[in-house]
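Novice: Sharing a model that was predicted from the sequence below.
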There are 2 protein chains.
Amino acid sequence: MTAKPGPEAPRIVPVVLSGGSGTRLWPLSRESYPKQFLPLLGPHSLLQETLLRVADRARFAAPIVVCNNDHRFLAAEQLRALGLADARIVLEPMGRNTAAAVAAAALLLARHDRSAVMWIMPADHHVADLPALHAALAAAANAAVAGLLATFGIRPARPETGYGYIELGDALPSIPGAHGVARFIEKPDAERACAFLAGGRHLWNSGMFLFQVGALLDEMTNHAPEVVAAVEKALDGAETDLDFLRLGASGFAQAPSISIDYAVMERTARAAVVPCDIGWSDVGSWATLWEVGAKDKDGNVTDGNVLLSGSRDCYVRSTDRIVTTVVGAQDLVVVTTDDAVMVAPRERAQDVRQIVEMLRTSKRPEAVLHRRVYRPWGFYESLHDGNRYQVKRITVNPGAKLSLQKHFHRAEHWVVVNGTATVERDGETILLRENESVYLPLGCVHRLENPGRIPLNLIEVQSGAYLGEDDIVRFEDSYGRD
Amino acid sequence: MTAKPGPEAPRIVPVVLSGGSGTRLWPLSRESYPKQFLPLLGPHSLLQETLLRVADRARFAAPIVVCNNDHRFLAAEQLRALGLADARIVLEPMGRNTAAAVAAAALLLARHDRSAVMWIMPADHHVADLPALHAALAAAANAAVAGLLATFGIRPARPETGYGYIELGDALPSIPGAHGVARFIEKPDAERACAFLAGGRHLWNSGMFLFQVGALLDEMTNHAPEVVAAVEKALDGAETDLDFLRLGASGFAQAPSISIDYAVMERTARAAVVPCDIGWSDVGSWATLWEVGAKDKDGNVTDGNVLLSGSRDCYVRSTDRIVTTVVGAQDLVVVTTDDAVMVAPRERAQDVRQIVEMLRTSKRPEAVLHRRVYRPWGFYESLHDGNRYQVKRITVNPGAKLSLQKHFHRAEHWVVVNGTATVERDGETILLRENESVYLPLGCVHRLENPGRIPLNLIEVQSGAYLGEDDIVRFEDSYGRD
């Protein structure tokens, strides 16, 4: 876990901050399934992209992923899919912004090696030019070894008003590629942003940082001691839960919710910046995805089951189950999932937040959940809500096991369509093969397990007067749920 | 079936032409479920709206509905829902345009009463002002009784280039409200259409006609004898099938595919026109539905599960299962069904035909079928296509029965979720109640029936290497299907 400096360069510990829950990519992102877990720009999710950047164990130590407790099974599953058995997942009991998350990783590392160099990376950004990124990293590493807190400053491509800026200080003579920081600047208005772009001395703050654990903790203790104190307490109260390290809630709750920029970077005298041009994007809205996507001859970016006719400069994305078609349109964003469609002019794509707010206010599930809901044992997906009945598809991972449970208001039929199931029903154990079914009467105590080596798929037909997820009594659970 | 003239006015026989298969309202309209069967402007389909206009049996005889053989169960079901037990459905074995359809109804009526007055109405138009329609009808009836072939000419509201026009002749002194016809004019270019609108002597051809059976047949025999001859032969070869009259295919196939306008109206010297202002619309595109729909304060027309934010003058329609949202847009059409989304600027809405053509060329089902497929016994709906399995919801109408059948490549599980089923399985008869299930192994001979008084809903889980609808051997069928 600790970074052992090699003969020439230090081995760097990647720290991936995966706490965000953006709404600007609704309907693909949901409160329970935020942006970093989505494969937005290729086969891998943004979290996975981030981890793959630091997969070379000759240069990078095993990563630490700091994420929200609610997303732990999602994060674990995505790490597992990459075969990253050595990664460590630190769970935040509640969101407390980036300062607390960075402090948690730093204090954890400090137990073994205060000289370890940590690379803070948001889990939900995209970097197109990896050689340029690694060149910038080399410069930043030199700064970190010299005791500085290094940031990565992106040369602006447009007068963006949505980002913070860094004003470039003098070049640091002893560290090629690195500069001092004149100051950090909050999101500017359009006029200032244009001046920044023209002047050439302002950079976008990418949210990536590189520093030695000790240097960071010294500065944080100076400038934001209440963060350090609260996170120390949270680490003292932390519990290991399966493969997770869950920070203590009472301690962590006391941490002020502030960003690492605000808590440390804007206050320290030891900040350095590495100007770079790495094809960086914060993937902040559907419009961004159009900008960075591969365009057809009419300037459209499409993904999934999409048909266009006479349309230009559109971003269109669709689930496979539904064909999404756009006729004669220009500059539109159209995104279709299994339960929602979002249409907006590209330049208004950020306003999707208004829709999410409307959905939240009316307590509609589309704000929070996807039709497919992930669980520690796999996932389920609602296929049909009928009158006094419901049809679900359930997928159980090999070796996984649901809780021992019963329902007061529904009976269930299970039909195995792929794989093999072990079903416990009122004490009896039944082995169910493909194309076999079992009936679970109302009130019976039952449990489902996949004893096999391939995923188990079954169709569940529920019948009853009340079919809510909360009609469940759990007697025993492998994943510590009530 | 024949029209018996009352003491003052003739009782009119409505003849509803339901042969169309428009694609301009895709994805709601499909080849197998065209526009006239859709509830586009209220709770009733356009066909039902049309039939409800002539529901008063004191003034109208039982209607004749002429429709395509493929749509017979749809038409029958929609008539049944209105309680129209006396309507007669005439099936065209293939589409042959309106002249042959009108001839079929006329020849059928002529067997009993050549003086009957028939009112030809397209099944897929909307009329907002029914009192005005009935006033126009009274004038047209006087013209028909005088031996004329009356059309309904709509006063144009815009310089429409998509319709045929009628140039007004002199007023007929003996028939208040009726005029002679100077001539029929094919779809004009924009300049001519503007001149027509300004001149005030041109009317839209609504496709509705009123005439005596004898008068129509005389004129058709004069001007399009080959239509009359072919349809005579089709009637001679007609078969009664359940409640339908199916025209003979070999005879009907010989009828030239021409419109009643072209075959008779444009050639006869006996044409009359009743100018009227009846809130008529041919519901020809999604843009039309916006025009005639009830608008919110921002000019949007919405239907179904729709959320808008900052959008103006849009038409947005959604299936209940999916929330369709539009943010910051103007003048858009967005239509969502269970399997397709269509987005277009309102003024380009007609170009949806290009998408339908693309889908057809690539033989995709979305051009033809809805996810819900209607059958004589009810309907089924695909809920999920998996790997070697498929989940369907099946609804069987009370008293209805599927064919006795078997499959070579799939086994089936049936779970009854509402109602009661009688299942025949290899000679055994099983009564299946709500929340009970049955297994149908591959190759077994089986049949499903709803013996009850309420609809039967069941969930079917199919397992097998091949799951196409064509893996079926039918041994016996109540609906005459192979």
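Specialist: Yep, it's here. Numbers count the residues shown, from 1 in each chain, chains lettered A, B, ... in the order given.

Novice: Stretch A:122-139 - what's its average pLDDT?
Specialist: Stretch A:122-139 shows a mean pLDDT of 96.

Novice: then it to CSV, C-alphas only?
Specialist: Extracted C-alpha coordinates of stretch A:122-139, given in CSV (Å, rounded to 0.1, in the frame of the first residue of the first chain):
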residue,chain,number,x,y,z
PRO,A,122,-11.1,12.8,-9.6
ALA,A,123,-12.8,9.6,-10.8
ASP,A,124,-15.0,11.2,-13.3
HIS,A,125,-12.7,13.1,-15.7
HIS,A,126,-11.5,12.1,-19.1
VAL,A,127,-7.9,12.5,-20.3
ALA,A,128,-7.3,11.9,-24.0
ASP,A,129,-3.5,12.3,-24.3
LEU,A,130,-1.9,9.9,-21.8
PRO,A,131,1.8,10.5,-22.9
ALA,A,132,1.3,14.2,-22.2
LEU,A,133,-0.3,13.3,-18.9
HIS,A,134,2.7,11.2,-17.9
ALA,A,135,5.1,13.9,-19.0
ALA,A,136,3.3,16.4,-16.8
LEU,A,137,3.3,13.8,-14.0
ALA,A,138,7.1,13.5,-14.1
ALA,A,139,7.4,17.3,-13.7
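
Novice: Spit out the contact partners of A:Ser478.
Specialist: Neighbour list for A:Ser478: A:Pro376, A:Trp377, A:Ala400, A:Lys401, A:Ser403 [criterion: CB atoms under 8 Å, 6 or more residues apart in numbering or on different chains]. (C-beta placed from N, C-alpha, C; glycine too.)

Novice: make that A:Ser45, sorry
Specialist: A:Gln36, A:Phe37, A:Leu38, A:Pro39, A:Gln78.

Novice: top of the contacts of A:Ser478 by neighbour count?
Specialist: Neighbour counts for those, by other CB atoms under 10 Å in any protein chain shown, peak at A:Trp377, which reaches 23 neighbours.

Novice: Tell me where chain A is predicted with low confidence.
Specialist: A:1-10, A:482 (pLDDT under 70).

Novice: biggest strand in it by residues?
Specialist: strand A:202-212 (DSSP state E).

Novice: Could you list the paired strands of it along with their orientation?
Specialist: Sheet pairing of strand A:202-212 (DSSP bridges) gives strand A:117-122 (antiparallel), strand A:149-154 (antiparallel), strand A:165-171 (antiparallel).

Novice: Deepest-packed of those strands, please.
Specialist: strand A:149-154 (a mean of 27; mean count of other CB atoms under 10 Å in any protein chain shown).

Novice: from the chain's centre, how far out does that strand sit?
Specialist: The chain centre lies 22 Å from the centre of strand A:149-154; the measure is CA atoms, centre = their mean, to the nearest Å.

Novice: which residues in the stretch 1-150 of chain A form helices?
Specialist: A:46-52, A:72-81, A:97-110, A:130-145 (DSSP state H, counting those that start in this stretch).

Novice: how's chain A carved up into domains?
Specialist: As recorded under automatic domain parsing, the domains making up chain A are A:12-281, A:286-360, A:372-476.

Novice: Quick one: closest of those domains to B:Ala101.
Specialist: domain A:286-360 (31.2 Å; CB to CB).

Novice: before we move on, the earlier item: so what does the helix or strand that comes right after the longest strand of chain A touch, helix or strand wise?
Specialist: Downstream of strand A:202-212, the next assigned helix or strand under DSSP states H and E is helix A:213-223. When contacts are defined as 3 or more CB pairs under 8 Å, 6 or more residues apart in numbering or on different chains; DSSP states H and E, helix A:213-223 sits against helix A:97-110, strand A:117-122, strand A:149-154, helix A:225-236.

Novice: wait, which of those is closest to B:Arg393?
Specialist: strand A:117-122 (43.6 Å).

Novice: What lies in contact with the closest one?
Specialist: A:3, A:5, A:10-17, A:20, A:36, A:50, A:53-54, A:60, A:98, A:102, A:105-106, A:109, A:137, A:141, A:144-145, A:207-213, A:216, A:260, A:282.

Novice: Now the buried members of those residues.
Specialist: A:3, A:10-17, A:20, A:36, A:50, A:53-54, A:60, A:98, A:102, A:105-106, A:109, A:137, A:141, A:144-145, A:207-213, A:216, A:260, A:282 (16 or more other CB atoms under 10 Å in any protein chain shown).

Novice: A:Gly180 against A:Asp170, yeah?
Specialist: Yes: with contacts counted by CB atoms under 8 Å, A:Gly180 reaches A:Asp170, the gap being 5.3 Å.

Novice: Centre of chain A to the edge, which residue is at the far end?
Specialist: Most distant from the centre of chain A: A:Glu428, at 41.1 Å, with distances by CA atoms, centre = their mean.

Novice: Okay, and the beta partners of that one?
Specialist: Applying DSSP bridges, one finds that A:Glu428 bridges with A:Arg425.

Novice: What separation do you get for the closest residue to chain B within the stretch 101-250 of chain A and B:Ser309?
Specialist: With CB to the nearest CB as the measure, A:Gly162 is the residue of the stretch 101-250 of chain A nearest to chain B, at 16.8 Å. In this view, A:Gly162 and B:Ser309 are 20 Å apart by CB to CB, to the nearest Å.

Novice: From A:Met265, how far off is A:Leu216?
Specialist: On the measure of CB to CB, A:Leu216 and A:Met265 end up 10 Å apart.

Novice: list residues touching both of the two?
Specialist: Contacts common to A:Leu216 and A:Met265, judged by CB under 8 Å, 6+ apart, are A:Leu149.
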